[in-house]
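> A predicted structure for the sequence below; I have some questions about it.
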Amino acid sequence: MLAHPFGWLPEARQKQAFWALLVPTLLFMTALLSIGTPLKTAAAPGGMMAYEFAGTAASAQRMVGSWDHRAQLCAALGLGLDYLFLVLYACSIALGCALVAQRLSGRRFLTAAGAFLAWGQFAAALLDAVENYALIRILLYGVESEVWPATAFCCAALKFALVVPGILYVLLGALWATCAGNRRTAQ
């Protein structure tokens, strides 16, 4: 069976590391959302998220063209800071998946899913780094070809296909494990 990436760290330390990473991850996410506010325009109603999923040269160019100088600086700052954020969220979600998998250890499929999703967060971070590079190239040099918007789109889609199930696994798995533990205590 696939082991999660934090097997080398005692479970008590995993919990400490999870909480130590979760707080700055949430604060960083809030800051990035705030920095991205000027990116919401008619051409990019979803701000940075719309830019990530532009997909075509024409769409990406329309979005960047709709941003004034300040918004373009905010986009550049947000993309640069996202390189730190991707380390934070990947480690937080991966640790959360590992902890929940350990709590669900009696259920082989759920334990294996947790280990897979924990490793998947590091793949998501790598995809996010490539996506950021593509978006920075577009922002700095304009749309040179369809390659960069398509790369950003594919990387963003794959990233979210790993991150969203990871977050759901942590939230739903923790809820399930807590409810199951409360039922056992009540019996």
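Cool, got the structure. No experiment lies behind these values; they were computed from the predicted model shown.

> Mind exporting the C-alpha coordinates of stretch 10-25 to PDB?
Extracted C-alpha coordinates of stretch 10-25, given in PDB (Å, rounded to 0.1, in the frame of the first residue of the first chain):
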ATOM      1  CA  PRO A  10       5.900  11.200  14.400                       C
ATOM      2  CA  GLU A  11       2.100  11.700  14.400                       C
ATOM      3  CA  ALA A  12       2.200  14.300  17.200                       C
ATOM      4  CA  ARG A  13       4.800  16.300  15.200                       C
ATOM      5  CA  GLN A  14       2.600  16.000  12.100                       C
ATOM      6  CA  LYS A  15      -0.300  17.600  14.000                       C
ATOM      7  CA  GLN A  16       1.900  20.400  15.200                       C
ATOM      8  CA  ALA A  17       3.300  21.000  11.700                       C
ATOM      9  CA  PHE A  18      -0.200  20.900  10.200                       C
ATOM     10  CA  TRP A  19      -1.500  23.700  12.500                       C
ATOM     11  CA  ALA A  20       1.800  25.600  12.200                       C
ATOM     12  CA  LEU A  21       1.300  25.600   8.400                       C
ATOM     13  CA  LEU A  22      -2.500  26.000   8.200                       C
ATOM     14  CA  VAL A  23      -2.600  29.400   9.900                       C
ATOM     15  CA  PRO A  24       0.000  31.100   7.600                       C
ATOM     16  CA  THR A  25      -1.600  29.300   4.600                       C
END
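
> got a list of contacts for that stretch?
The contact list for stretch 10-25, computed with Cβ atoms under 8 Å, 6 or more residues apart in numbering, reads 6, 9, 85, 88, 89, 91, 92, 95, 96, 98, 99, 102. C-betas here are computed from N, CA, C, even on glycine.

> nearest residue to the third one other than its sequence neighbours?
Using Cβ to Cβ, 6 or more residues apart in numbering and skipping the chain neighbours, the partner closest in space to residue 85 is residue 28 (5.0 Å).

> swap in the first one?
Spatial nearest neighbour of residue 6, excluding adjacent residues (Cβ to Cβ, 6+ apart): residue 98 at 4.6 Å.

> wouldn't that neighbour be in contact with residue 114 here?
Yes. Counting by Cβ atoms under 8 Å, residue 114 is a contact partner of residue 98 at 6.7 Å.

> Report how many residues lie close to the closest residue to residue 29 other than its chain neighbours.
Residue nearest to residue 29 in three dimensions, not counting chain neighbours: residue 85, with 7.0 Å by Cβ to Cβ, 6+ apart. Neighbour count of residue 85, defined by other Cβ atoms under 10 Å: 19.
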